[in-house]
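> From the sequence below, what's the structure:
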Amino acid sequence: MSKRTHTLSSSTKDKKLDAPRPSASIVLLSPENQVLLLHRVQTSSAFPSAHVFPGGNLSNFHDGTIPGPDDVKRHEDSLPYRLGAIRETFEESGILIAREGDANGNPLNLPNAERDIARKSIYKNEVRFVEWLRGVGGVADTDNLLPFTRWITPTNQPRRYTTQMYLYMLPLSISDDPAVSAAQSEAMIPTADGGAEITAARFDYASTWLEKQRKGEIVLFPPQYFLLHLLSQFLNKPTLGSLSSSELTDYYHSQREKLGSFLATVPTASEPKAVKHHTAQIPWADKVISPNMLGVRKSDKRAILGLDKPGPELTGTDRGGDWERVVLVKFAKHVARDVEVRNREEVLAEERQPGNGAKEAKL
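Numbers count the residues shown, from 1 in each chain. Below is the predicted model of the structure:
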């Protein structure tokens, strides 16, 4: 995608914003197209008590160097982001997204005991991730990561990140992988950091995760809820009664094909006004979203978050997110509650009704 500028504008630099830290996460699909979420502890440094996708900060030691804070290329998909996403997923869940020998090899499968030793060594920076992989005859499967939006933390937050999200689909016949099998039954996972951040990992259907949030059983922050909302359009539990093994494989494969097409297709909006907005011509694979406050609903005090802006670091570029939708959310003690994705025009029309005006946001 072409850029109108290649460095940050002077107005953005003058604000002296804290540069967002590079990070990466993976929306990981099981052989049954369930989504992996990790449960973070209440004292976690980010997303406390929440269920999140595996991922974390990039490391120069493990992942390589990325462009500096004043370069817009810092906010683009690249090999360091892909390696960081795979490494962090391995550290946090034990699931290894790698191939035997080279990019064309079979999925690399190692015993849990060997994985756990490696996860701790990699976490402590005792060995580089790619060197350890090479030593066990594998390579990171970076080629099969599908970019699936980037999120830049708004400027009103004390810690800011530029997080590249990826989608990865585990092979439909990988059920013998011990780490995947454990997450399919919500295992309490031994973690490389001794349980300081993550307590459990589980695969479940996107719609099930959303329903658990609606019932107040789990915490989902806006990025996770929004992406699960999109996935729930395609990844549903079979409802056709008894299906043979081959029929199930065809069913899951068809879901994946439709999802892959969705990531690459434009326009990404359906309503006429939204289709005319320039963000509708940015595929989901390339969207950059920095949630911005549009107002507060008078009826339930939930914040209305716009998703179309890419953040100040990308001012003057042609990057952007999703204008057609907004996220409604209530924050209480730094925890997100009552998250919902709605049509932007519908929500704003509701707030324009007499006696139901939203409070204007103070940006």
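
> low-scoring pLDDT stretches of the chain, where are they?
Residue ranges of the chain with pLDDT under 70: 1-16, 41-48, 174-176, 178, 182-199, 240-241, 355-363.

> What's the biggest helix in it, counting residues?
In the chain, assigned by DSSP state H, the helix with the most residues is helix 245-264.

> Which elements pack onto that helix?
Applying 3 or more C-beta pairs under 8 Å, 6 or more residues apart in numbering; DSSP states H and E, one finds that helix 245-264 contacts strand 146-152, strand 161-169. C-betas here are computed from N, CA, C, even on glycine.

> Phi and psi next, for the residue lying closest to T249 once chain neighbours are set aside.
Nearest residue to T249, sequence neighbours excluded (C-beta to C-beta, 6 or more residues apart in numbering): L172, at 5.4 Å. For L172, the backbone dihedrals (degrees, to the nearest 10) come out as phi -70, psi -10.

> what's the answer for V335, then?
phi -120, psi 140.

> For it, grab the count of nearby residues.
Around V335 there are 14 other residues, counting by other C-beta atoms under 10 Å.

> For it, give the beta-bridge partners.
With DSSP bridges as the criterion, the beta-bridge partners of V335 are A332.

> Show me what the spatially most central residue of the chain bridges to in the sheet.
Geometric centre of the chain, nearest residue: M165, 4.2 Å, by C-alpha atoms, centre = their mean. For M165, the beta-bridge partners under DSSP bridges are S25.

> Contact partners for it?
Residues near M165 by C-beta atoms under 8 Å, 6 or more residues apart in numbering: 24-27, 53, 147-151, 223, 227.

> can we see that at 10 Å?
For M165, the contact set (C-beta atoms under 10 Å, 6 or more residues apart in numbering) comprises 23-27, 53, 55, 77, 81, 85, 145-151, 223-224, 227, 284-285, 287, 289.

> That one and H75, how far apart?
Using C-beta to C-beta, to the nearest Å, we find M165 at a distance of 12 Å from H75.

> okay, and the common contacts of the two?
Listed as contacting both M165 and H75 by C-beta under 10 Å, 6+ apart are 81, 150.
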